[in-house]
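Enquirer: Got a predicted structure here, sequence first:
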Amino acid sequence: MAERIRLIKPGAIEANPENPRLIFRAEELAELETSIADQGILVPLTVYQDGRRYVLLDGERRWRCAIKLGLTEVPAIVQPKPDRLQNIMMMFAIHNTRRDWDPLPAALKLEQLESEFAGRQSRPPTETELAGLASISRGEVRRLRNILRLPKRYRDQLLRELEKPRADQLLTVDHVLEATRGSAALEKRGVIDVQEADRLSRAVIRKFRNETITNTVAPRKLARMARAVERDELSRQAARRAVKRLIEDDAYTIDDAFEQTVARADWEFGSQQLANRLENRLLVHRQRRYDLGDSLRETLERLQAHIARLLRS
């Protein structure tokens with residue numbers, strides 16, 4: 001059956017159960033509602049017929065606004081009824097063009113798409129196949145799969161956060177992913193155990209919520225701490241002390257921890273290298289008995305004063 005445009009009663013239309021979009025924010029709907037009240041629905045909905053009912057493929061926000069405005073008819077393009085796999089694929093294709101659906105609901109729907117494919121083919125799809133089915137890149141498939149690996153408590157927190165207006169959201173998927181990755185890096189290097197990694201993730205997420213930490217990628221410095229321990233540039237004890245304080249001190253930030261561990265270790269290592277080079281230069285002076293020029297003498301005297309103050313502190 002060729003697709004065609006019909007005028008359909010909004011009450012005869014229902015939402016698509018495969019739509020990854022779970023959140024419809026009031027402020028966005030209000031803006032669209034005003035536009036529809038002034039100009040009508042300029043872009044037809046897309047639906048398929050299922051018995052006497054019509055199911056949305058595209059246009060759920062327009063449909064919701066039409067109901068609220070009490071419109072008696074809406075324009076809709078009627079397409080042939082898809083099977084479930086095709087339905088989910090079409091939802092993702094729309095998502096790929098709109099780019100305004102939230103990643104967590106999209107990840108949950110990707111899981112269903114993967115399951116539907118596996119049920120038909122008796123094997124899970126490859127990453128490339130799944131990317132093609134969902135009309136997204138392989139990198140986006142990996143990102144959505146990483147979201148699915150988050151503990152359920154974090155996914156539940158994120159879904160609750162999505163119900164708020166965008167301006168009021170303090171926690172995002174990226175916050176949680178970065179926090180858990182940073183904690184996992186320290187666990188992988190044996191700096192902390194599984195339970196401590198979980199407590200650290202919770203603490204970092206709490207600090208994102210409280211805006212104690214405002215830089216989304218700040219947890220990447222935890223991975224740099226882990227690498228510094230692995231390369232023996234930072235002691236495991238120093239790293240553990242920093243992690244303990246991050247967990248227990250609500251005002252202590254990742255930047256504070258990094259400055260007092262990796263940055264300090266870098267400074268000490270660099271200073272040690274410079275001190276060794278200067279010591280070798282001074283040994284050459286003793287062997288060759290060079291006369292010290294006034295400028296060099298003044299510089300060494302200032303250095304001597306700095307060293308004395310440093311050693312007394």
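Expert: Nice, thanks for sending it over.
Enquirer: following the longest helix seen in the chain, which helix or strand comes up?
Expert: Using DSSP state H to define each element, the chain has its longest helix at helix 264-288. Using DSSP states H and E, the helix or strand that directly follows helix 264-288 along the chain is helix 294-312.
Enquirer: between that following helix and helix 264-288, how many degrees?
Expert: Here helix 294-312 points in a direction 130 degrees away from that of helix 264-288 (axes from the mean of the first three to the mean of the last three Cα atoms, to 10 degrees).
Enquirer: can you give me how far helix 294-312 is from the chain middle?
Expert: 49 Å (Cα atoms, centre = their mean, to the nearest Å).
Enquirer: CA atoms only for that helix, dumped as PDB, please.
Expert: Output in PDB follows, covering the C-alpha atoms of helix 294-312 (Å, rounded to 0.1, in the frame of the first residue of the first chain):
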ATOM      1  CA  ASP A 294      79.400  38.000  39.300                       C
ATOM      2  CA  SER A 295      76.200  37.100  37.600                       C
ATOM      3  CA  LEU A 296      76.600  33.400  38.300                       C
ATOM      4  CA  ARG A 297      77.600  34.000  41.900                       C
ATOM      5  CA  GLU A 298      74.500  36.100  42.500                       C
ATOM      6  CA  THR A 299      72.300  33.400  40.900                       C
ATOM      7  CA  LEU A 300      73.800  30.700  43.100                       C
ATOM      8  CA  GLU A 301      73.400  32.800  46.200                       C
ATOM      9  CA  ARG A 302      69.700  33.300  45.500                       C
ATOM     10  CA  LEU A 303      69.400  29.600  44.800                       C
ATOM     11  CA  GLN A 304      71.100  28.800  48.100                       C
ATOM     12  CA  ALA A 305      68.600  31.000  49.900                       C
ATOM     13  CA  HIS A 306      65.600  29.300  48.200                       C
ATOM     14  CA  ILE A 307      67.000  25.900  49.100                       C
ATOM     15  CA  ALA A 308      67.500  26.900  52.700                       C
ATOM     16  CA  ARG A 309      63.900  28.100  53.000                       C
ATOM     17  CA  LEU A 310      62.600  25.000  51.300                       C
ATOM     18  CA  LEU A 311      64.500  22.700  53.700                       C
ATOM     19  CA  ARG A 312      63.300  24.600  56.700                       C
END
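Enquirer: who's in contact with it?
Expert: With Cβ atoms under 8 Å, 6 or more residues apart in numbering as the contact definition, helix 294-312 has outside contacts at residue 292. Heads up, the C-betas are built off the backbone N, CA and C, glycines and all.
Enquirer: how close does residue 232 sit to residue 4?
Expert: 71 Å (Cβ to Cβ, to the nearest Å).
Enquirer: for residue 297, same thing?
Expert: 95 Å.
Enquirer: Then residue 129?
Expert: Residue 129 is 33 Å from residue 4, by Cβ to Cβ.
Enquirer: Looking at the two, which one has more neighbours?
Expert: Between residue 129 and residue 4, counted using other Cβ atoms under 10 Å, residue 129 has the larger neighbour count: 15 against 9.
Enquirer: Next one, pLDDT for the more buried one please.
Expert: For residue 129, the pLDDT comes out at 91.
Enquirer: so which helix or strand takes in the closest residue to it other than its chain neighbours?
Expert: Nearest residue to residue 129 in three dimensions, chain neighbours excluded: residue 117, at 7.3 Å (Cβ to Cβ, 6 or more residues apart in numbering). Here residue 117 sits within helix 103-121, counting by DSSP H and E.
Enquirer: How about residues contacting that helix?
Expert: With Cβ under 8 Å, 6+ apart, helix 103-121 has contacts from 18-23, 84-85, 88-89, 91-92, 95, 124-125, 129-130, 133-134, 141, 143-145, 147-148, 155, 158-159, 162, 173.
Enquirer: can you pull the pLDDT of residue 269?
Expert: So, for residue 269, pLDDT stands at 69.
Enquirer: list the buried ones in the helix or strand hosting residue 7?
Expert: According to DSSP H and E, residue 7 maps onto strand 4-8. Buried residues in strand 4-8, counted by 16 or more other Cβ atoms under 10 Å: residue 8.
Enquirer: One more: stretch 201-214?
Expert: Buried residues in stretch 201-214 (16+ other Cβ under 10 Å): 201-205, 207-208, 212-213.
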